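# Prediction below, plus the sequence it came from.
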Amino acid sequence: MTSKARLAASVLVVWVGALAYGGGAACESGAANADAGGATPGALVRFAHLSPGAPAVDICIGARGLPGSFVGPMLRRLLPETDADASPTGGIQYSQVSSYFELPAGTYDVRFVPAGARDCTTSPIADVNTLPPLVAGAPATIAMMGEIAGVGDAAFALRSFTDETSAPPTRAALRFVHASPGLPPLALGVGSSAAGNFEHLAWNLRYGESTASPSVRANIAVDDAGYLEVGAVVYARVSAHASADASGDDVVGTNLVVGQGAAGTVFVIGDATRGAGALRFLTCNDAPTTGMLASCAVLAP
């Protein structure tokens, strides 16, 4: 992580640390430790907005079960100070992923507020009390999935994925996540099923899961976080189709690149009820970044 990102992270650790350590005195003590370089490493977390139809959001964090304890909005704090004061942004919209920020390890509730909100009481969009515990030293992506007003499999939920931020110097690490409600389990790979040149990278990937899921790991060699170790990735065309129907492509993308030493996640996104044209691949470099957003892009079909 760069010095700028570490500074932003340390500020957030001190600030949110009041939740766990109790008020201003603890904050001052934490600040002193951070300045001295003695702060305890926290949990790195980033949020991915993969909820079709949901507005742009910022994130507030609170102690589990204490609705009045929310602090934030968090992403606004990742903007330069002058932008945070004047900009109506400071959040993530659909298909965007925040940069990592650091929190003390522990169990939290999450409140989503409109992007640009200056506090955690401004028109809350949704509260979620099912966030898994955050573990020190374990980077994680927390993905917003489903529809805000959805039901059943399409209900709004948070899914947590443990990340890797790099790969061995001469290799690349690649992972897939199924984030498109309404699509069946998917086969993903290089080439095109419709063109007859499809080569599997993963199959039987179910909605809400990554390639770390048991149903996928039974068929391919991935690590505990779901990453497939390969040579540098330069794929002219990638596609996905229903595992039970290889007659055509449900999702297509071009020019997927993950360089040597990098770890990348490819999310299948979009609302299947809006037709195949609404389905895309969102690819993200999983290394920490400066600023508010991770390094991500939607692949052209």
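That came in fine, so what should we check first?
# Distance from the chain centre to stretch 265-285, please.
Distance of stretch 265-285 from the chain centroid (C-alpha atoms, centre = their mean, to the nearest Å) equals 14 Å.
# buried stuff in that stretch?
265-272, 279-285 (16 or more other C-beta atoms under 10 Å). Just so you know, the C-beta spots here come from the backbone N, C-alpha and C atoms, and that holds for glycine as well.
# ok, and the helix or strand in the chain with the lowest average confidence?
Using mean pLDDT, DSSP states H and E, the weakest-scoring helix or strand in the chain turns out to be helix 24-35, at a mean of 32.
# Which two among the buried residues of stretch 265-285 are spaced furthest apart?
Spatially, the most separated pair among these is Ala272 and Asn285, at 26.5 Å (C-beta to C-beta).
# quick one: contacts for Ala262?
166-167, 172-173, 285-287 (C-beta atoms under 8 Å, 6 or more residues apart in numbering).
# Grab the nearest non-local neighbour of Tyr108.
With C-beta to C-beta, 6 or more residues apart in numbering as the criterion, Tyr108 has its nearest non-adjacent residue at 5.1 Å, and that residue is Ile61.
# ok, back up a step: following element in sequence after the least confident helix or strand of the chain, please.
Counting by DSSP states H and E, the next helix or strand C-terminal to helix 24-35 is strand 43-50.
# Can you give me the separation between Ser247 and Gly253?
Distance of Ser247 to Gly253, given as C-beta to C-beta, to the nearest Å: 19 Å.
# what about these two, which has more around it?
More crowded of Ser247 and Gly253, by other C-beta atoms under 10 Å: Gly253, with 22 against 8.
# Which residue comes closest to that one once chain neighbours are left out?
For Gly253, ignoring the flanking residues on the chain, the nearest one in space by C-beta to C-beta, 6+ apart is Leu299 at 3.2 Å.
# Low-confidence bits of the stretch 1-150 of the chain, can you list those?
For the stretch 1-150 of the chain, applying pLDDT under 70 flags the ranges 1-40, 80-89.
# mind redoing it with 80?
Across the stretch 1-150 of the chain, the ranges flagged by pLDDT under 80 are 1-41, 77-90, 150.
# Just the helices from it, written as ranges.
Using DSSP state H, counting those that start in this stretch, the helices of the stretch 1-150 of the chain run over residues 3-21, 24-35, 81-86.
# For Ser180, which residues are in contact?
Contacts of Ser180 by C-beta under 8 Å, 6+ apart are 207, 251, 268-272, 279.
# and it, helix, strand or coil?
coil (DSSP: H, G, I helix; E, B strand; the rest coil).
# quick one: buried residues of the host helix or strand of Ala240?
Following DSSP H and E, one finds Ala240 within strand 233-242. Within strand 233-242, the residues that qualify as buried are 233, 235, 237-242, counting by 16+ other C-beta under 10 Å.
# And that strand, what does it pack against?
Under the contact definition 3 or more C-beta pairs under 8 Å, 6 or more residues apart in numbering; DSSP states H and E, strand 233-242 sits against strand 186-190, strand 251-258, strand 263-269.
# and it, how far from the chain's centre?
Here the centre of strand 233-242 is set off from its chain's centre by 21 Å, with C-alpha atoms, centre = their mean.
# swap in stretch 281-298?
From the chain centre to the centre of stretch 281-298 is a distance of 9 Å (C-alpha atoms, centre = their mean).
# tell me the mean pLDDT over that stretch?
On average, the pLDDT along stretch 281-298 is 94.
# Next, the distance between the ends of that stretch.
Terminal residues of stretch 281-298 are spaced 6 Å apart (C-alpha to C-alpha, to the nearest Å).
# Next: stretch 112-122.
Start-to-end span of stretch 112-122 (C-alpha to C-alpha) is 10 Å.
# Which residues does it contact?
Under C-beta under 8 Å, 6+ apart, the answer for stretch 112-122 is 55-60, 62, 70-73, 75-76, 87-93, 111, 123-128, 144.
# sorry, back to before: I'd like to know which of the buried residues of strand 233-242 is nearest to Gly191.
Ranked by distance to Gly191 (C-beta to C-beta), those are led by Arg237 at 5.9 Å.
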